[in-house]
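Asker: turn this into a model:
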Amino acid sequence: MTNIVVDPVTRIEGHLRIEAEVDGGMVKNAWSSSTMFRGVELILKGRDPRDAWAFTQRICGVCTTVHAIASIRAVENAIGAVPPPNAKLLRNLIIASQCVQDHVIHFYHLHALDWVDIVSALSADPAKTSALAESISDWPLSSAKYFSGVKNRLKAFVDQGQLGPFANAYWGHPAYKLPPEANLLAVAHYLEALDWQREIIRIHAILGGKNPHLQSFLVGGMATPIDPDRQASLNAGTIAEIRTLMDKARDFVKRVYIPDLLAVASFYKEWAGYGGGVGNYLAYGEYPAQDSDQLFLPSGVIRARNIGKIEKFDPAKITEFVTHSWYEYDGGNDKGLHPSVGETHPKYTGPKPPYDKLDTTAKYSWLKSPRYDGLPMEVGPLSRMLVAYGSGHEKVKELVNAVLAKLGVGPEALFSTLGRVAARGIETQVLAEKMSDWLDELATNMGRRELRIHDNSKWEPSSWPAECTGAGFHEAPRGALGHWVHIKDGAIANYQCVVPSTWNAGPRDASGAPGPYEAALVGNPVADPEKPIEILRTVHSFDPCLACGVHVLDPRGNEIVKVRVQ
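Answerer: I've put the predicted structure just below:
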């Protein structure tokens, strides 16, 4: 039995440690540990609920808007505020553009290096790369001359000896399967995606004033002014600019991202048999219609991989355990608490870093263990696409069936590491196409002089109950995100966040049941324990964001660390 420790797991947001036992070239057991403390919930106590979104939005700088949306929905749910149609549309546009950008960044810049051997690209024939590119897409940047230029840039970069993000990878690993020409193609699109993502996120700057951390959110609606007659408001000109950005984003997704995904996946079909995990899936649903609460992507629960039976989501069934987490509950550590009455009492009992091994029989993570009706649940793009597929979502069914047919695999391939990668691409195309509809609806409202963006009736605390609670649900790029707020006498009495990477990366619960990361790693191959790239493939397929789950906090406000750039 070989013990493997990957700490830190890189190409993610935050700090994640994976420990695994490998025997006979296969993972037999695994543990997921987040090694930073979570504290934002404590900062919010006593503050004005209308300001909570500004604090929680800064939990993470990657999917920057998601906590603002969940926070505002939680407060609105508590006080009874209802955002007008335009506010819903603006939020949908912000959420969807974030998701599209985030998924593309994940594929090329966070996950691709698990499948793509950058060094191998140096031996590629640009003419053959051009032929490969033209066989899968009509993207214009596909000439032999273009790929020769990319190869020369890469060679110059390598010759300098300053490899930056490419320095500590497992180049030449036997688990890499792409031919040199496919690797060069992926490198070229890696570079193109850097420019592309900068362009699409300009939508946030237009609708929210800046990115990251938009400034236009409000409890009860939005602060983005809409007026076709005012230059300083969202008008016909800015609508046209957003439409151009959306068209470019959709074009890249359909002609570059999806063809690349299918091309890479075709060399790694065996990964449709690895990384299945807990087999239970949860989606809160997202993108409400402007004139109703109907969701474009439905909510639902799947148990034991049965996509033929989609259960109705019941928020009362959510609990969080701290049996193996560095927290304490007042009533004992072996019971689960609903987030509406959740507690955040940190108590670190682990070894002093650096350490060789965690005591995984005791507490070993700063993440809690969320459960739905007592079961661990996977959340994220795969969960959303499975729930949508099982619920009969026409566009999702069309694309899922097309991807399965293209790869020549059956529906069982969805429950895997490769399934997560495919689901993320499918969702990206679904949203890239749908955004135009929401923009059209917004333009139509402006044309008929429906310009309301905010519900003022519940803005003043004097209109609120003396004591109330609320929950805000959102489907962040990485999965189901929930915020719970308890308001008393106009101030926050308690605040709890249950984030996607807490659902996925959390440790074992009171019954010893592993979380989704831990379960998904069991059965994964490991060809070389010194270079466990296969572990990274499955962990990265979830797109971890540990900054959302845990945070460094000094309660006295002291500086903890200073980073200096020379």
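
Asker: secondary structure element for residue 132?
Answerer: Per DSSP states H and E: residue 132 is located in helix 126-136.

Asker: elements contacting that helix?
Answerer: helix 144-159, helix 180-200, helix 258-265 (3 or more CB pairs under 8 Å, 6 or more residues apart in numbering; DSSP states H and E). C-beta here means a position set from N, CA and C on the backbone, and glycine is covered the same way.

Asker: can I get those in TSV including distance to residue 371, mean neighbour count and mean pLDDT?
Answerer: As requested, these are arranged in TSV below (distance: least, CB to CB, whole Å; neighbours: other CB atoms under 10 Å; pLDDT from 0 to 100):
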stretch	distance to residue 371	mean neighbour count	mean pLDDT
helix 144-159	46	15	93
helix 180-200	35	20	97
helix 258-265	32	21	98
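
Asker: redo these as a markdown table? Include distance to residue 439.
Answerer: Formatted as a markdown table, these follow (distance: least, CB to CB, whole Å):
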| stretch | distance to residue 439 |
| --- | --- |
| helix 144-159 | 32 |
| helix 180-200 | 14 |
| helix 258-265 | 22 |
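
Asker: which of the ones you listed sits closest to residue 461?
Answerer: helix 180-200 (37.9 Å; CB to CB).

Asker: so for the helix holding residue 132, what gets flagged as buried?
Answerer: Buried residues in helix 126-136, counted by 16 or more other CB atoms under 10 Å: 126, 128-130, 132-133, 136.

Asker: can you tell me the average pLDDT over it?
Answerer: Summarised as a single mean, pLDDT over helix 126-136 is 98.

Asker: if we can go back for a sec, and the helices and strands packed on helix 126-136: which comes nearest residue 58?
Answerer: helix 180-200 (20.6 Å).

Asker: give me the packing partners of that closest one, helices and strands only.
Answerer: helix 85-105, helix 126-136, helix 144-159, helix 236-252, helix 258-265.

Asker: chain center to it: distance?
Answerer: 20 Å (CA atoms, centre = their mean, to the nearest Å).

Asker: could you point out which element follows that helix?
Answerer: helix 202-208.

Asker: between the buried residues of helix 126-136, which is closest to residue 491?
Answerer: Checking the buried residues of helix 126-136 one by one against residue 491 (CB to CB), the nearest turns out to be residue 136, at 56.7 Å.

Asker: surely the closest one meets residue 261?
Answerer: No: using CB atoms under 8 Å, residue 136 makes no contact with residue 261, being 10.4 Å away.

Asker: quick check: nearest residue in space to residue 347, chain neighbours excluded?
Answerer: residue 328 (4.9 Å; CB to CB, 6 or more residues apart in numbering).

Asker: which strands and helices sit next to the helix or strand bottoming out on mean pLDDT in the chain?
Answerer: Lowest mean confidence among the helices and strands of the chain (mean pLDDT, DSSP states H and E): helix 40-44, at a mean of 90. Using 3+ CB pairs under 8 Å, 6+ apart as the contact test, the elements touching helix 40-44 are helix 52-56, strand 491-498.

Asker: can you say which of the ones you listed is nearest to residue 71?
Answerer: helix 52-56 (4.1 Å).

Asker: show me where this structure dips below the pLDDT cut-off.
Answerer: 38, 548-566 (pLDDT under 70).

Asker: out of the helices and strands packed on helix 180-200, nearest to residue 321?
Answerer: helix 85-105 (28.7 Å).

Asker: who touches stretch 244-260?
Answerer: 97, 100-101, 104, 107-108, 136-139, 185-186, 189, 192-193, 196, 199-200, 202-203, 425, 428-429, 432-433, 435-436, 439 (CB atoms under 8 Å, 6 or more residues apart in numbering).

Asker: buried residues, that stretch. List them.
Answerer: 245-246, 249-250, 252-254, 256-260.

Asker: quick check: which of the helices and strands packed on helix 180-200 is nearest to residue 347?
Answerer: helix 85-105 (33.7 Å).

Asker: could you check the angle that closest one makes with helix 180-200?
Answerer: Helix 85-105 runs at 150 degrees relative to helix 180-200, counting by axes from the mean of the first three to the mean of the last three CA atoms, to 10 degrees.

Asker: now helix 85-105, how far from the centre of its chain.
Answerer: The answer for helix 85-105 is 13 Å, by CA atoms, centre = their mean.

Asker: cool, stretch 9-28 as well?
Answerer: The answer for stretch 9-28 is 19 Å, by CA atoms, centre = their mean.

Asker: next: stretch 512-520.
Answerer: With CA atoms, centre = their mean, you get 19 Å for stretch 512-520.

Asker: what sits up against it?
Answerer: Contacts of stretch 512-520 (CB under 8 Å, 6+ apart): 18, 30-32, 275-278, 369, 375-378, 417, 503-508, 522, 538-539, 541-542, 544.

Asker: for that stretch, buried residues please.
Answerer: Neighbour count says stretch 512-520 has 513-520 buried, by 16+ other CB under 10 Å.

Asker: need those residues in CSV with secondary structure, can you?
Answerer: Listed next are these as CSV, based on DSSP: H, G, I helix; E, B strand; the rest coil:
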residue, secondary structure
513, coil
514, coil
515, coil
516, helix
517, helix
518, helix
519, helix
520, helix
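
Asker: just the strands in this structure please.
Answerer: 2-6, 16-23, 26-34, 217-218, 221-222, 281-283, 286-288, 295-297, 300-302, 318-321, 369-372, 467-476, 479-488, 491-498 (DSSP state E).

Asker: give me whichever of those is most buried.
Answerer: Greatest average neighbour count among those goes to strand 281-283 (a mean of 30), per mean count of other CB atoms under 10 Å.

Asker: now for that strand, which elements pack on it?
Answerer: strand 300-302, helix 381-390, strand 479-488.

Asker: pull the residues that contact it.
Answerer: 297-302, 313, 372, 377-379, 382-384, 386-388, 475, 479-480, 503.

Asker: what does stretch 382-391 give?
Answerer: 281-283, 285-286, 297-302, 307-310, 377, 396-397, 400, 414, 419-420, 423-424, 426-427, 475, 479-480.
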